[in-house]
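S.K.: Mind looking at a prediction? Sequence and model below.
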Amino acid sequence: MGVSKLDVLYRKLLLTKLFIRGWGKPEDLKRIFEFRKIIGNREKCQTLVSKDYPVFIDKVEEQSDCKILEGHFISPLAHYVPGILPVESLIARFQFIIPRRWNSKHRPVCIHLAGTGDHHFWRRRTLMARPMIKEACMASLLLENPYYGCRKPKDQLRSCLKNVSDLFVMGGALVLESAALLHWLEREGYGPLGMTGISMGGHMASLAVTNWPKPLPLIPCLSWSTASAVFTTTDSFKMGQDFVKNFPDSVDSLKDVDMTSRMFNLDSSSKTVSKEAVHSFTTSTLSASSERLLAQDAPKMQCINQTFSTSSSSKKNLSSSQEHRINKKRKSDTLQRESLRFMKGVMDECTHVANFSVPVDPSLIIVVQAKEDAYIPRTGVRSLQEIWPGCEIRYLDGGHVSAYLFKQGLFRQAIYDAFDRFLQKYAA
């Protein structure tokens, strides 16, 4: 199966601008790793946000076909991991687009989480929410992501998260914020309720639904089981040369973090990383589930190893200067290879859905994928059907970007089908 050239270009333009400041503060990463273990367990996570968590409506606008409510609330993450969110992201903001009249006794609402670069509400409101009112009389609630729109830090350039930790903070915040909104919608008498998102928004919606204690329609579009599929391919690291170059310093800065202190034993003079340390990373520092994920992705890592390996036969009949260049290249390739493995392990620990509870009813999940997606590679990554037995996968023609631009109608149809499935199974 071919891949989309447009997706390849999009990756090159995007990935060179992400995580320009590295991993983030070591103390923040430590708190994120610890909190991930809590929100990854539905029994623990469902008690974090109370059913009467305060949500405020600031404005109501009447339009010809709908009402648009604007509201806000304090992100629950601020209560459990104080200081982890930028000041600008503390207040969660949303728009609620409601039909002027309902056409049945049900008042269905779908929460839409934002994809990469989807600031404010216009795009989701125009391409998804308004058509959903006309086609299915279904309301939409649009939540602003942390680090986006009104919640974007002043020193952040557009959508370019400065630190790897920012992505993990965004995910943790959205899990709890989605729970707050679901509780509020239930209090207001809306239902059935569901969640969706495109690309990154679909992945964040998947994480949020794993922690909701009731059956819930979920429609992740153009996303997959882990964020590491996007950020830990050889091309993404070749594009991020500064990150790889500074990798030992990044690891060294994390030496005080319990999870990362045993990942790598760094030689202070050469700043190289030992293979024994990589083994230590995969066997003693990650959770058991993440260790299994790395083992299951072994074919992908073998491919990476082959990509960077240098034939031993090339050393024959070489001058000392040639051998020095080869050794220097080999050391650089080893660093890059182990950078990939380090990044993959951390990404999987915090973002892989297999590290979270299975949704209450996977039969209500419809995953929409693009056949030629080259932005989110699926090779060597566990299938959602394996992780969530009973979910449905639908494939669209084309790549990631073209599907986002031209297949919105098929995304909406998947939403309607998932909600119909819920009504057939659970409606009184």
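M.R.: Alright, I've got the coordinates.

S.K.: ok, so what distance separates Glu372 from Ser357?
M.R.: Counting by C-beta to C-beta, to the nearest Å, the gap from Glu372 to Ser357 is 32 Å. In short, each C-beta sits where N, CA and C put it, glycine included.

S.K.: no wait, Tyr395
M.R.: Counting by C-beta to C-beta - Tyr395 and Ser357 are separated by 26 Å.

S.K.: ok, these two, which is more surrounded?
M.R.: Ser357 (19 against 12; other C-beta atoms under 10 Å).

S.K.: where's that one, which helix or strand?
M.R.: Here Ser357 sits in a region with no helix or strand, counting by DSSP states H and E.

S.K.: Please list all residues in contact with it.
M.R.: Going by C-beta atoms under 8 Å, 6 or more residues apart in numbering, Ser357 touches 40-43, 45, 210-211.

S.K.: how far away is it from Arg101?
M.R.: Using C-beta to C-beta, Ser357 is found at 38 Å from Arg101.

S.K.: if we can go back for a sec, looking at the contacts of Ser357, which is nearest Asp166?
M.R.: In terms of C-beta to C-beta, no member of those lies closer to Asp166 than Gly40, at 19.1 Å.

S.K.: What is the neighbour count of the closest one?
M.R.: Neighbourhood size, Gly40 [other C-beta under 10 Å]: 23.

S.K.: Repeat that for Lys162.
M.R.: Neighbour number of Lys162 under other C-beta under 10 Å is 18.

S.K.: give me the element the residue nearest to it when sequence neighbours are not counted is part of.
M.R.: Nearest residue to Lys162, sequence neighbours excluded (C-beta to C-beta, 6 or more residues apart in numbering): Arg21, at 4.4 Å. Remark: Arg21 resides in no helix or strand, with elements defined by DSSP H and E.

S.K.: Now do Arg21 against Val164, distance only.
M.R.: 9 Å.

S.K.: neighbour count winner among those two?
M.R.: Val164 (22 against 14).

S.K.: Need the per-residue pLDDT for the more buried one.
M.R.: Model confidence at Val164, given as pLDDT, is 85.

S.K.: what's downstream of the longest helix belonging to the chain, the next helix or strand?
M.R.: The helix that spans the most residues within the chain, counting by DSSP state H, is helix 320-351. The first helix or strand that comes after helix 320-351 along the chain, using DSSP H and E, is strand 366-370.

S.K.: pull the CA atoms of that following strand into CSV?
M.R.: Taking C-alpha atoms only, strand 366-370 is exported to CSV below (Å, rounded to 0.1, in the frame of the first residue of the first chain):
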residue,chain,number,x,y,z
ILE,A,366,-15.6,3.3,15.5
VAL,A,367,-12.0,4.1,14.5
VAL,A,368,-11.6,5.9,11.2
GLN,A,369,-8.3,5.5,9.4
ALA,A,370,-6.7,6.6,6.1
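
S.K.: so Met347 sits right up against Ser228, yeah?
M.R.: Yes. Look at Met347 against Ser228 with C-beta atoms under 8 Å: they come within range, at 3.6 Å.

S.K.: Pick out whichever of those two has more residues nearby.
M.R.: Between Met347 and Ser228, counted using other C-beta under 10 Å, Ser228 has the larger neighbour count: 25 against 21.

S.K.: That one against Phe342, yeah?
M.R.: No. Between Ser228 and Phe342 there is no contact under C-beta under 8 Å: 11.0 Å.

S.K.: Look up how far Cys150 lies from the closest residue to Pro215 other than its chain neighbours.
M.R.: Using C-beta to C-beta, 6+ apart and skipping the chain neighbours, the partner closest in space to Pro215 is Asp361 (3.9 Å). For Asp361, the distance to Cys150 (C-beta to C-beta) stands at 34 Å.
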